[in-house]
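> One predicted model, sequence on top.
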Amino acid sequence: MLERYFTKPQTVDRIRSSWLGEAIERYVTWLAERGYHARCVHHRVPLLMRFAAFVQQRGVSEIDAVADHVDRFIQRQLRQRVRPCGSTATRRKYIHDIRQPIEQFLRVIRVDEQAAAGGSKAARPLTQWAPHFFAHLQDERGLSPTTVEGYATQLRSFERYVTAQCLDGPQALTPTVLDTFLAEKRTHVCARSLTSTCAALRAWLRYLYREGLVARDFSAVIEGPRTYRLSEIPRSITADEVHRTLGRIDRRSSVGKRDYAMLLLLVVYGLRAREVAALTLEDIDWHTSVLHVRARKAGHAATYPLAVEVGGAPRLLATWSTSECRSPSVSPHGRAARRREPSHCRPAGDARPSTSRSQRRATRLPHPQAQLCPAARGCRVFAEGDR
């Protein structure tokens, strides 16, 4: 297996000549079976070679005794680092990148030795509830001894939890018990480690349901953590943050009244920005307290009851205009539809305002097109920003 990742024969011979060479080669085989990238193998094998040379210099000749020297090896690596860690987070990340491969290597080698000696079955958990579960994993599903022992390691923590909760059998399992266990374990491990626990727990719960030991399949209740990039970003803001955001809006101005009404529609109904931008005053029926959302996703429409806290806010949009809406129709882009008339056909009293852009901005007057349909102009400004 080493020839798959190292092309030079001298490199392969140097690895095998180490006193941990056989164990390292078994670890590389274990990584290859689980689809680890070649870059990961190229990083971990030299690290294990340095660790093997370090413990050999300290007089260690048994693999069972090398675990006591992991911390000393990490301290030496920190001292020999060319560029010191600039922050606590960088130091923590550097230590994790050294400790995690070594501990995984020792765990894999220890599991292989136990499986070869036949001593792993004695430590398997939850045998009083599902005595043939691990035989099912190995015989029916064809999992390797290393994977089976990994399932046992994850289920041992669950066995300790149910023992502390004094649960007398599988019938006592509930979604609340499972959620509480995962929430408590999340405080001690990272999200990726909790993913392995969820996988082992799902397999065990599916087996219980298949054997008729429980009346319901609880495996669907187990939801793993999010482990994708930027998964720490919250999905929503809290109620206090919503109140603080709404409280920062100055509702004394016309723009503030408009922004408050639209933000309230976003918060209360969970509408999309394009759905709010497409609303018109005709979509709000104050007499029957109904809100019509006609431009939903995929061309759908929806009708909602007008909430108490929202009922008065959309009226603020009507106060933003200084004249009545002349054209009730609004284009999909939020602009009011109007047919231009020649200047010689306009009445004498229907002259357009002659104020400049700077004067309108200074006096906070809306654009002349906004007087045609205040709802359309307000929604458009909220979607694209005040100009």
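That came through, no problem.
> longest helix in the chain, by residue count?
helix 88-117 (DSSP state H).
> ok, which stretches of the stretch 151-300 of the chain are strands?
With strands called from DSSP state E, counting those that start in this stretch, the stretch 151-300 of the chain shows them at 284-285, 290-293.
> Could I get those strands in JSON lines, plus columns for distance to residue 176 and mean neighbour count?
Yep, even glycine has a C-beta here, placed from its N, CA and C like the rest. Formatted as JSON lines, these follow (distance: least, CB to CB, whole Å; neighbours: other CB atoms under 10 Å):
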{"stretch": "strand 284-285", "distance to residue 176": "42", "mean neighbour count": "17"}
{"stretch": "strand 290-293", "distance to residue 176": "36", "mean neighbour count": "17"}
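> The ones you listed: lowest mean pLDDT?
Sorting the strands of the stretch 151-300 of the chain by mean pLDDT places strand 284-285 lowest, at a mean of 86.
> Can you classify residue 304 by secondary structure?
Three-state call for residue 304 (DSSP: H, G, I helix; E, B strand; the rest coil): strand.
> ok, now which ones touch it?
269, 290, 291, 293 (CB atoms under 8 Å, 6 or more residues apart in numbering).
> hang on, the first one packs against residue 291?
I take that to be residue 269. Yes: with contact defined as CB atoms under 8 Å, residue 269 and residue 291 form a contacting pair (7.3 Å).
> got a pLDDT number for residue 109?
Here the pLDDT value assigned to residue 109 is 84.
> got a list of what residue 136 touches?
residue 207.
> wait, is residue 70 part of a helix?
Yes: according to three-state DSSP, residue 70 belongs to a helix.
> Can you get me a residue count around the nearest residue to it once chain neighbours are set aside?
Nearest residue to residue 70, sequence neighbours excluded (CB to CB, 6 or more residues apart in numbering): residue 102, at 5.6 Å. Neighbours of residue 102 under the rule other CB atoms under 10 Å: 19.
> swap in residue 308?
Residues within reach of residue 308, counting by other CB under 10 Å, total 9.
> quick one: it and residue 268, what's the gap?
10 Å (CB to CB, to the nearest Å).
> and residue 291, bridged to which residues?
Using DSSP bridges, the beta-bridge partners of residue 291 come out as residue 284, residue 304.
> Confirm for me that it is in contact with residue 271.
No: using CB under 8 Å, residue 291 makes no contact with residue 271, being 9.4 Å away.
> Identify the residues contacting residue 306.
So residue 306 contacts 284, 285, 286, 289, 290, 291 (CB under 8 Å, 6+ apart).
> any idea how far it lies from residue 293?
Counting by CB to CB - residue 306 and residue 293 are separated by 12 Å.
> And residue 63, by the same measure?
In terms of CB to CB, residue 63 sits 66 Å off from residue 293.
> repeat for residue 163
53 Å.
> shaky segments in the stretch 251-387 of the chain?
Along the stretch 251-387 of the chain, the model assigns pLDDT under 70 to residues 309-387.
> the helices in the stretch 51-200 of the chain, which residues?
Shown for the stretch 51-200 of the chain, the helices assigned by DSSP state H, counting those that start in this stretch span residues 70-80, 88-117, 133-135, 145-164, 175-186, 191-210.
> Could I get the contacting residues of the closest residue to residue 65 other than its chain neighbours?
Nearest residue to residue 65 in three dimensions, chain neighbours excluded: residue 55, at 7.9 Å (CB to CB, 6+ apart). Counting by CB under 8 Å, 6+ apart, residue 55 makes contact with 65, 66, 69, 73.
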